[in-house]
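In: For reference, the sequence and a predicted model appear below.
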Amino acid sequence: MAEDWDAEFGTEPTAVIPSFFDMAGLRSPVKEGAINGNQIFESKGSEAANFGKRCSNTFGNSTGFGGFGKQGSGDGNGFDTNSSYIFEKQPVAGFAETTTVNESEFGSRVVRGCGFGRGNRGGFPRSSPQNGDGSGFSSSCGRGGFSSTSGIRGGYRGRNEDIFSGSNPKLRAPWNSTDSEGNNKNQAPKVTYVPPPPPEEESAIFAPYQTGINFDKYDEILVDVSGFNVPSAILTFAEAHLCETLNKNISKAGYLKPTPVQKHGVPIVLAGRDLMACAQTGSGKTAAFLLPILEMLMRGDVAASQFKELQEPEVVIVAPTRELINQIYLEARKFSFGTIIRPVVVYGGTSTGHQIRQVLQGCNVLCGTPGRLLDIISKGKVGLSKVQFLVLDEADRMLDMGFEPDMRKLVTAFDMPSKQNRQTLMFSATFPEEIQRMAADFMKTDYLFLAVGQVGGACGDVHQTILQVDQYSKRNKLIEILTNIGIERTMVFVDTKRKADFLAAFLCQENFPTTSIHGDREQREREQALGDFRSGKCPVLVATAVAARGLDIEHVQHVINFDLPSTIDEYVHRIGRTGRCGNVGKAISFFDSNTDLRIARTLVKVLSDAQQEVPTWLEEFAFAAYGTSYHNPLGKVFASVDSRKGLGGNKDFSSYEANLPVTYAGKDHEDAWE
Ligand SMILES: Nc1ncnc2c1ncn2[C@@H]1O[C@H](COP(=O)(O)OP(=O)(O)OP(=O)(O)O)[C@@H](O)[C@H]1O
C-alpha cells in the first residue's frame, strides 16, 4: 500500500526529548515522574538499593520499567521492584523473545538504582516507528516485558539501520509481508519526524574545522596509486582548475591546501576514472570526491534544479548510517553554495513524505542511506537514467553482507546507467581484499586504486593504549579515566544497544553529563544526542557501532572502547573519531581476555604499524592465539594493498608510489597479513 505522505506531512513534529543529562536531573535533582521521553530515572532510595542488590547490572523489567507499570500517569519511579528483570533477546531480524538476564550480562555489580526507560507513555507502547524504510522499530515499550510488541529491531547483527529495505529477503522486516489479497499484514506505523532544516547562515554552513598541528605531516604519508595511466597529482587546489565558486567555497571552508587523498583523488575523478580510494580516518575523503564531482557538474550541462514530479539526479551518494549521510549532504551543500546544484538527503527514521517533497523541489546530488533511497526510487519519484556519478562512502561496509544486496539492486533493478556509462567512486579507511574484489564488479576494469598510508591502518595521530580490564572492572576503570579526562569530549563504544543505554544512565548518575546514540533510539533522539555531544552540553557520548564510521565531530579528544569490537576494521574506524584533520587524539581500549582474544593478533599488528606501544601481555595473547589467522571473524582478509597486485593478478599491473620508502606497499607488508 502506498504511503500517504501528503497526510503524513501535516503531522506535528514530535517534541524534543531532553538529553540524558537533563533527564538525570543533574541540574535539578529529581526524578520521580520524569518519564516523558526516554531517558534515565532515579529510583527511590530503597528501590535503588534493592535494584542494586538484586539486579546488578541489568535494567528493564517485565512490567514496569521507567514507569510503565504506573500506566497512564507518567509518574513511574524507574523500576518496579517487584518485577523480575527480563530483557528481550533480539535476533537479527525482529521477533523478540524474552529472556531472563544473567548478572554477567553487563559485567559489574552495583547500579545505584539508576534506571532507564524508553518512552513509556500512558502505559502503552508508543509504537513509534523507527525507520520509514522499515529498518527497525523502536523499543518503545521498554526493554522489559511486552517484548512481543516491542520487538523488531533494525540492524545488521543488531548494529546498523537501513537494512530492511526489501531487497534482502533474509533481513526483510516482517511488516513488509502481504497477505493473499495483497494487503500489508503488518503495516509499519508512519514516521513523522521532520528533522530541523539545515542552517542557512553562511557562517554556520562554512564553520571551519580546526586543522591540527599534524596537518602538514599528511605530506609525509606514503601514497600508492595503482592501475594504468594514472593522472598526476595536484599539489594545490589551484592546480585542479576548479571553477571560481568552488574555489571560493574551498577557502571559505578554511581549506588552505589539499590532503593527500585530495591531491591524488581529485585529478583522478576529474580525468573521468573510476576510483577505489583508501585513506586514513579524518583525512578528507569527503571533499576528495565532492569537489571534483561538483566541478564536473559545473563543467557539464547540469540543469538548474526545479520542481518536477520525477527527479533525475546526476549524482547518487550512499553511506551506511543516517548521521553520516546527513553529514555528507551538509558538506555537499557547503561546497555547492552559490551554484545551481542542489543536493538533497534522504534517510530512514524521518518522514518519507517530507523527504520526497525535498527531492521534488529539485535534486542534482541525491545523498541517501540505502533503505530510504531504494524506497523513494521504487515510489517512482526518482529516476536514475541521468546518473553520472555513483559514490559509495564507507564502501567496504556498503558492500559487506548487510548492504551488498541493496547496492546490487541500486545498480541493476532500476535505470541506473551501466558501469561503462557512469563513474563509480568508492571510499573508505579500510578495504578488505575480498570486498575489493566484490567492489570491482561495480567498476570499470581500469579503475584506479589509491592507498594513502596503509590500507586499513590506524590514523597515526591517535595515541592508542590497550588496558587489560575484565568485564567486572570496566565501569570502575571508565569512571577513573573520565575523572582524569574532565570535560574533554569523549566517545565510549560498547557492543550492544542496551549496554549503551545502561552505561549512559550510569554515567549520568555518576555526574558525567552523558548521552547515547544507537540504532534503537528514535531518529529525533539520535540527532539530539549528537547535537548535545557536538555542542559540549554532554561531553560524553556512549555509542554502538552506528557511530563508528565517518562521523566528523570537532574536539573529540578521546575514544574509549569499553568493549572492543570483533573486527579490526571496526576498531580502526572507531578510534578514527578522534585525531582528525591533523589533530591529535587518544584512544583507550579495554581488553578482556575472556572475550577479545580473537582480535589480539590484528590489534598487535595495527598498533605496531602505527608505531604505538604494544603491551607484552597483549603480544603473549596474540602469540597464544597463533593459529588464528589475520582473517577477521567474517572471513575477510585484512588487505594491505590493491587486491589486483597479489594472487597472480595482472602481471603488467603498474603502480606508482609517491614519497615512498621501498618497504611500503610491497610484498612484505602484504605477506604479514596472510
Ligand atoms: N584540505 C583540507 N583542509 C582543511 N580541512 C580539511 C581538508 N579536507 C578535509 N578537511 C576537514 O577534515 C575533516 C575530516 O574530513 P572527512 O570527514 O572528509 O574525513 P574522512 O577521511 O572522510 O574520515 P572518515 O574515514 O572518518 O570518514 C572535516 O571536518 C573536513 O572538513
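Out: Sure, I can see it. Numbering: from 1, shown residues only.
In: For the rest of this, base every contact and every neighbour count on C-alpha atoms.
Out: Noted.
In: quick one: pLDDT of Val302?
Out: If you check Val302, the pLDDT there is 84.
In: Am I right that it falls within a helix?
Out: No - judged by DSSP: H, G, I helix; E, B strand; the rest coil, Val302 forms no part of a helix; its state is coil.
In: What is the neighbour count of it?
Out: 15 (other C-alpha atoms under 10 Å).
In: separation between it and the ligand?
Out: Distance, Val302 to the ligand, by C-alpha to the nearest ligand atom, to the nearest Å: 24 Å.
In: do Phe623 as well
Out: For Phe623 relative to the ligand (C-alpha to the nearest ligand atom), the value is 30 Å.
In: Excluding chain neighbours, what is closest to that residue?
Out: Closest residue in space to Phe623, ignoring its immediate chain neighbours: Arg601 at 7.4 Å, by C-alpha to C-alpha, 6 or more residues apart in numbering.
In: On the three-state scheme, Ile588 is what?
Out: Ile588 - assigned by three-state DSSP - is strand.
In: Show me what it is bridged to.
Out: Beta bridges link Ile588 to Thr465, Ile560, judged by DSSP bridges.
In: Next, the contact list for the closest residue to Glu312 other than its chain neighbours, please.
Out: The shortest distance from Glu312 to any non-neighbouring residue, by C-alpha to C-alpha, 6+ apart, is to Gly383 (4.9 Å). Residues near Gly383 by C-alpha atoms under 8 Å, 6 or more residues apart in numbering: Leu310, Gln311, Glu312, Pro313, Ile377, Phe414, Asp415.
In: Export those residues to CSV and append columns for distance to the ligand.
Out: Below are those laid out as CSV (distance: C-alpha to the nearest ligand atom, whole Å):
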residue, distance to the ligand
Leu310, 31
Gln311, 27
Glu312, 26
Pro313, 22
Ile377, 26
Phe414, 28
Asp415, 29
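In: who wins for neighbours among those residues?
Out: Using other C-alpha under 10 Å as the neighbour criterion, Pro313 leads the contacts of Gly383 with 27 neighbours.
In: Now do the SS call for that one.
Out: Quick answer, by three-state DSSP: Pro313 is coil.
In: Contacts only, for the residue nearest to it when sequence neighbours are not counted.
Out: Distances taken as C-alpha to C-alpha, 6+ apart put Asn364 closest to Pro313, at 4.2 Å, once the chain neighbours are dropped. By C-alpha under 8 Å, 6+ apart, the residues touching Asn364 are Val302, Ser305, Glu312, Pro313, Glu314, Val315, Ile341, Arg342, Pro343, Val344.
In: Just the closest of these to Thr445, please.
Out: Set against Thr445, the nearest of the contacts of Asn364 by C-alpha to C-alpha is Val315 (20.9 Å).
In: Enumerate every residue touching the closest one.
Out: Residues near Val315 by C-alpha under 8 Å, 6+ apart: Asn364, Val365, Leu366, Val387, Gln388, Phe389, Leu390, Val391.
In: From those, list the ones also adjacent to the ligand.
Out: When contact is defined as C-alpha under 6 Å from any ligand atom, the contacts of Val315 do not meet the ligand at all.
In: Between the residues you listed, identify the one with the most neighbours.
Out: Using other C-alpha under 10 Å as the neighbour test, the contacts of Val315 are led by Val365, with 29 neighbours.
In: Could you give the bridge partners of that one?
Out: Beta-bridge partners of Val365, counted by DSSP bridges, are Val315, Pro343.
In: Ramachandran angles for Thr490?
Out: Note on Thr490: its backbone torsions stand at phi -140, psi 130 [degrees, to the nearest 10].
In: Distance of it relative to Thr544?
Out: Relative to Thr544, Thr490 is positioned 14 Å away (criterion: C-alpha to C-alpha, to the nearest Å).
In: what's the answer for Gln361, then?
Out: Distance, Gln361 to Thr544, using C-alpha to C-alpha: 35 Å.
In: Which one's more surrounded, the two?
Out: The neighbour count for Gln361 versus Thr544, taken as other C-alpha under 10 Å, is higher for Thr544 (28 against 16).
In: just checking, the more buried one touches Ala500?
Out: Yes - if you go by C-alpha atoms under 8 Å, Thr544 and Ala500 touch, sitting 6.7 Å apart.
In: Please enumerate the shared neighbours of the two.
Out: In contact with both Thr544 and Ala500: Phe493, Val494, Ile517, His518, using C-alpha under 8 Å, 6+ apart.
In: which one of the contacts of Asn364 sits closest to the ligand?
Out: Pro343 (16.9 Å; C-alpha to the nearest ligand atom).
In: quick one: pLDDT of the closest one?
Out: Predicted confidence (pLDDT) for Pro343: 97.
In: circling back: that's a helix at the residue nearest to Phe623, yeah?
Out: Yes - membership of Arg601 in a helix is supported by three-state DSSP.
In: Neighbours of it, how many?
Out: Neighbours of Arg601 (other C-alpha under 10 Å): 23.
In: same check, this time on Cys581
Out: Neighbour tally, Cys581, other C-alpha under 10 Å: 23.
In: That one contacts Ser283, correct?
Out: Yes - at 5.5 Å, Cys581 and Ser283 qualify as touching, with contact defined as C-alpha under 8 Å.
In: so what secondary structure elements neighbour the helix or strand hosting Met298?
Out: Taking DSSP states H and E as the definition, Met298 sits inside helix 285-299. Helices and strands touching helix 285-299, by 3 or more C-alpha pairs under 8 Å, 6 or more residues apart in numbering; DSSP states H and E, are helix 260-270, helix 322-335, strand 423-428.
In: Give me every residue in the stretch 151-300 of the chain lying close to the ligand.
Out: Taking C-alpha under 6 Å from any ligand atom as the criterion, the stretch 151-300 of the chain approaches the ligand at residues 209, 211, 254-259, 280-287.
In: May I ask which of those has the most neighbours?
Out: Neighbour-wise, these (other C-alpha under 10 Å) top out at Thr281, 30 neighbours.
In: In space, what's closest to it - neighbours in sequence excluded?
Out: Excluding the flanking residues, the one nearest Thr281 by C-alpha to C-alpha, 6+ apart is Gly576, at 5.1 Å.
In: Is the one you found in contact with Ala458, as I believe?
Out: Yes - between Gly576 and Ala458 a contact is recorded at 7.3 Å, counting by C-alpha under 8 Å.
In: more crowded one of the two?
Out: When neighbours are counted by other C-alpha under 10 Å, Gly576 comes out ahead of the other of Gly576 and Ala458, with 31 against 28.
In: Identify the residues contacting that one.
Out: Going by C-alpha under 8 Å, 6+ apart, Gly576 touches Gln280, Thr281, Gly282, Ala458, Cys459, Val462, Arg549.
In: What separation do you get for the residue nearest to Phe623 and Arg357?
Out: In this view, Arg601 and Arg357 are 50 Å apart by C-alpha to C-alpha.
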